[in-house]
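*Asks:* Structure for the following, please:
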Amino acid sequence: MNHAPVFIDTHAHLAMSQFDRDREAAIARAQAAGVARIVEIGYDLPSSRAAVALAEGHPAIYAVVGLQPNHIHEAPPDYLEQVRALAAHPRVVAIGEIGLDYYWMRAPAATQEEVFRAQIALARELGLPVVIHSRDAQADTLRILADAARGHPGVMHAFSGDWSYAQACLDLGFMLSFTGTLTYAKATALHQVARQAPLHMLLTETDSPYLSPNPYRGQRNEPAYVRLVAERLAALRDEPLDHVAAQVWANAQRLFRSCE
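*Replies:* Numbers count the residues shown, from 1 in each chain. Okay, the predicted model is just below:
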């Protein structure tokens, strides 16, 4: 007997204001689409607290807490202690999203690196994986991860690099997570990565409300659409959808050990 595939959105921002009018409906739509787990990601202290609150109220949702590089300038001096306190919650499964962003550059590179390293160290201390944000900062991201996080579990969120970058991330032991950009016809370098990377190192996500897949490009994204990412991944690899979905689910369980 064949079972319907089950999906997981490993990176969503349902607490953002874009979902204020229909948050519960969006969660229900995800479940109706076969999305059995959603990982709600913090990017600053308020959103990290909101992630924990969402996880407390929904059995299918787990939380990730941390300080994203574009919000470092807003953080209080005791940010790390606040992240540590939030991470003690049993529904928190990782530290993130953390990393570097040289596109917006809202904090100096040196400050970004300091905060990045501090949160990697916290994740190591707590035994939690890390969710990595890296934009226009591939070389420095790899340098820091190789030094501070080699062998520590983590995922490259919204992976958008070429095969060379993918190999470097995989060599460090980091999973690669695909968003709706995988469905774009012109994302040929990303398609190559999806075909060549080992399936046991791949995840799917939406990054809701951003990065909507086709045919919803330009509209608000939501967790239900992670199915379209998984479908595209299966098609690119020429593998059955139920096989790909089951492996991605297993990968997420392996990374986020409490997300069962």
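
*Asks:* Tell me the gap between the longest strand anywhere in the chain and the middle of its chain.
*Replies:* As assigned by DSSP state E, the longest strand anywhere in the chain is strand 92-101. Offset of strand 92-101 from its chain centre (C-alpha atoms, centre = their mean, to the nearest Å): 8 Å.

*Asks:* and what of stretch 172-189?
*Replies:* With C-alpha atoms, centre = their mean, you get 12 Å for stretch 172-189.

*Asks:* how far does it stretch from start to finish?
*Replies:* 20 Å (C-alpha to C-alpha, to the nearest Å).

*Asks:* before we move on, what about stretch 53-70?
*Replies:* Stretch 53-70 has an end-to-end distance of 22 Å (criterion: C-alpha to C-alpha).

*Asks:* what mean pLDDT would you report for it?
*Replies:* For stretch 53-70, the mean pLDDT works out to 97.

*Asks:* buried stuff in it?
*Replies:* Buried residues in stretch 53-70, counting neighbours by 16 or more other C-beta atoms under 10 Å, are found at 53-55, 58, 60-70. The way it works is simple: take the backbone N, C-alpha and C, and place the C-beta from them, glycine included.

*Asks:* what's the most distant pair in those residues?
*Replies:* Ala60 and Pro69 (28.8 Å; C-beta to C-beta).

*Asks:* Next one: the nearest residue to Val226 once chain neighbours are set aside from Arg195, what distance?
*Replies:* Closest residue to Val226 apart from its sequence neighbours, by C-beta to C-beta, 6 or more residues apart in numbering: Asp9 at 4.2 Å. With the distance defined as C-beta to C-beta, to the nearest Å, Asp9 ends up 22 Å from Arg195.

*Asks:* same check, this time on Arg91
*Replies:* In terms of C-beta to C-beta, Arg91 sits 35 Å off from Arg195.

*Asks:* For these two, indicate the residue with more neighbours.
*Replies:* Neighbour totals were compared for Arg91 and Arg195, and Arg91 leads with 20 against 12 (other C-beta atoms under 10 Å).

*Asks:* what's near enough to touch the more buried one?
*Replies:* By C-beta atoms under 8 Å, 6 or more residues apart in numbering, the residues touching Arg91 are 52, 55-56, 61-63, 258.

*Asks:* Could you measure from it over to Glu56?
*Replies:* Arg91 sits 6 Å away from Glu56, going by C-beta to C-beta.

*Asks:* just Pro129 next, same as before
*Replies:* From Pro129 across to Glu56, the span is 21 Å (C-beta to C-beta).

*Asks:* and what of His200?
*Replies:* From His200 over to Glu56 (counting by C-beta to C-beta), the distance is 31 Å.

*Asks:* Same check on His243?
*Replies:* 34 Å.

*Asks:* Arg84 too?
*Replies:* 18 Å.

*Asks:* any chance you could map the strands in the chain?
*Replies:* Under DSSP E, the chain gives strands at 7-12, 35-41, 61-65, 92-101, 130-135, 154-156, 174-178, 202-204.

*Asks:* Out of those, which gets nearest to Gln219?
*Replies:* Of all those, strand 7-12 sits nearest to Gln219, with 15.4 Å by C-beta to C-beta.

*Asks:* residues making contact with the closest one?
*Replies:* Looking at what lies outside strand 7-12 - C-beta under 8 Å, 6+ apart - the contacts are 30, 33-41, 97, 131, 155, 157-158, 177, 179, 203-208, 222-223, 226-227, 230, 245, 248-249, 252, 255-256, 259.
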